[in-house]
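[1] My questions are about this predicted structure, shown below with the sequence.
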Amino acid sequence: MLPIIGLFGCSRDTVRVSGEVVRVRGNQMPSPDAPTPVYPGFSTTLYFFEPFKADKAAATREAGVYREIRSPLRAKVSTDEKGGFSLRLPAGRYSVLIGRDSVYYTNLSDGEGFLNPVEVKKGASNRLRLQADWDAVY
């Protein structure tokens, strides 16, 4: 069974969010001769913040890596050794970041500048697949 931890401001009206975090490394350039890669999961922590833009985070010199987030943390969950996780959250929008040592990582933003925005909906599957690709080359 996957851990369900770290919900702040718990409500009776929560929905299940589950998924996996995978580790992507090395050359990711497409090649017609290369087999489809399978990425392994790994143990980490996911952080669910109120949605925020990059100006609410202290960036490091490395792309996608942030030291400090100035947006309320709503939940966090530890993944298992295969990257799997499950937790319950109130329906709504979140910015989801991957823990990397003592910093946070995200490789996505939307057209409005929000970092890794995710919408949790009632009645939906709410399954996430996040990629930790800080060592990948595209």
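    Arrived safely, thanks for sending. Numbers count the residues shown, from 1 in each chain.
[2] From V96, how far out is the nearest residue to M29 once chain neighbours are set aside?
    Leaving aside its chain neighbours, M29 sits nearest to Y138 (6.9 Å; criterion: C-beta to C-beta, 6 or more residues apart in numbering). For glycine as for every other residue, the C-beta is placed from the backbone atoms N, C-alpha and C. The gap separating Y138 from V96 is 21 Å, by C-beta to C-beta, to the nearest Å.
[3] Over to W134?
    From W134 over to V96 the distance is 16 Å, taken as C-beta to C-beta.
[4] How about A63?
    Here A63 is placed at a distance of 18 Å from V96 (C-beta to C-beta).
[5] quick one: which of the two has more around it?
    Set A63 next to V96 and count neighbours by other C-beta atoms under 10 Å: V96 wins out with 24 against 9.
[6] Quick check: which element contains the more buried one?
    Take DSSP states H and E as the rule and V96 turns out to sit in strand 92-100.
[7] buried residues in the longest strand seen in the chain?
    Longest strand of the chain, by residue count under DSSP state E: strand 14-27. For strand 14-27, a neighbour-count test (16 or more other C-beta atoms under 10 Å) marks T14, V15, V17, S18, G19, E20, V21, V22, R23, V24 as buried.
[8] Same check on stretch 98-106?
    For stretch 98-106, the buried set under the neighbour-count rule, 16+ other C-beta under 10 Å, comprises I98, G99, R100, V103, Y104, Y105, T106.
[9] which residues sit against that stretch?
    Residues from elsewhere that reach stretch 98-106 (C-beta atoms under 8 Å, 6 or more residues apart in numbering): 21, 44-47, 57, 60, 64-67, 69, 95-97, 115-116, 130, 132, 134.
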